[in-house]
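>>> have a look at this fold, sequence not included:
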């Protein structure tokens, strides 16, 4: 689960699945069984009850991902996506591969930092030394937090931790797995206990860790279709949302220009306004006629009549992308 061959063409791994819930399932249980955290499974199933979906209810499991932009090496953590990607080194005879895991990150008032760092050490059964700021926060809630929390069920670091070059930040396990896929930590990156146990022995000390914040990802399918994958940005103001739509239009237009494709700007705008984390195609297909310069890439939403006319002219395999 979560292990994929690196695509030879295009930018996608995995597939979206639909499964039937059992009578005792919660939405969280279903997500974690398939490597999907809380926020992602909720976004993909906004009308499904979290604690009791109901036996036989169809649940969408969003296990199709556009790989994050940038070098495909080491560890890449996309904060906006609440997801970690690992590109292990392989022998010349081995096919390149990628692994991906859900993570929990810092709350808005304890934001996880961005940038490039390294794994400087790996620890089994770590002791947690909470900083003074966290001790003070707990004290304000009436909880006397010790200066050192030994290994065990009460340790929020879980059984394993990888120490980052950013002072005070770790990739670690957790004693509360249901928080994976949420913004609930004090800035560190938490993983499911079974995921970090699988990962920690294979990621070498010195491995590069790149922390990015990419709520809007673009990727090409092997068939040449541009798709987008969009994630929510917490506490977005109307002005910030408008800026994000403008930026999405810019990035998508730049990606499509060289290939003479028509972008469905109406769909793109809707995706940014109502993100669900599931990749969706942005392009109608390769244009069946020459596109006059500036006619459709001038940041306008496609005319719906043109959309229908052009879509009807495409081969079936293109419209079903």
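Yep, it's here. Quick caveat, the model's predicted, so the values are computed rather than measured.
>>> contacts, neighbours, all on C-alpha from now
Noted.
>>> what's near enough to touch the residue nearest in space to the middle of the chain?
Central residue of the chain (CA atoms, centre = their mean): residue 81, 2.7 Å from the mean position. Neighbour list for residue 81: 213-215, 231, 277 [criterion: CA atoms under 8 Å, 6 or more residues apart in numbering].
>>> just checking, what packs against the one helix or strand residue 266 maps to?
If you go by DSSP states H and E, residue 266 is part of helix 265-273. In terms of contacts (3 or more CA pairs under 8 Å, 6 or more residues apart in numbering; DSSP states H and E), helix 265-273 is packed against strand 226-230, helix 238-257.
>>> average pLDDT for it?
The pLDDT scores in helix 265-273 average 94.
>>> can you name the element that comes right after that helix?
Where DSSP H and E defines the elements, the next helix or strand beyond helix 265-273 is strand 280-281.
>>> which other residues reach that following strand?
With CA under 8 Å, 6+ apart as the test, strand 280-281 has contacts from 225-229, 321.
>>> let's see it at 6 Å
226-228 (CA atoms under 6 Å, 6 or more residues apart in numbering).
>>> let me have those in JSON lines, extended by pLDDT, neighbour count and distance to residue 238.
As requested, the contacts of strand 280-281 are arranged in JSON lines below (pLDDT from 0 to 100; neighbours: other CA atoms under 10 Å; distance: CA to CA, whole Å):
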{"residue": "226", "pLDDT": "93", "neighbour count": "25", "distance to residue 238": "27"}
{"residue": "227", "pLDDT": "95", "neighbour count": "23", "distance to residue 238": "25"}
{"residue": "228", "pLDDT": "97", "neighbour count": "23", "distance to residue 238": "21"}
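>>> ok, of the residues you listed, which one's closest to residue 38?
residue 228 (21.1 Å; CA to CA).
>>> burial of residue 55, as a residue count?
Neighbours of residue 55 under the rule other CA atoms under 10 Å: 12.
>>> contacts only, for it.
Shown in contact with residue 55 (CA under 6 Å, 6+ apart): 21-23.
>>> ok, of these, which one's closest to residue 34?
Nearest to residue 34 among those, counting by CA to CA, is residue 21 at 12.7 Å.
>>> quick check, that closest one in contact with residue 61.
No - using CA atoms under 6 Å, residue 21 is not in contact with residue 61, being 11.2 Å away.
>>> ok, these two, which is more surrounded?
Neighbour count, other CA under 10 Å: between residue 21 and residue 61, residue 61 has more, with 23 against 19.
>>> all helices of the protein, in order?
Secondary structure of the chain (DSSP state H): helices at 27-33, 38-44, 132-140, 193-200, 238-257, 265-273, 304-312, 316-319.
>>> out of those, which is closest to residue 116?
Among the helices of the chain, helix 193-200 sits nearest to residue 116 (CA to CA), with 18.9 Å.
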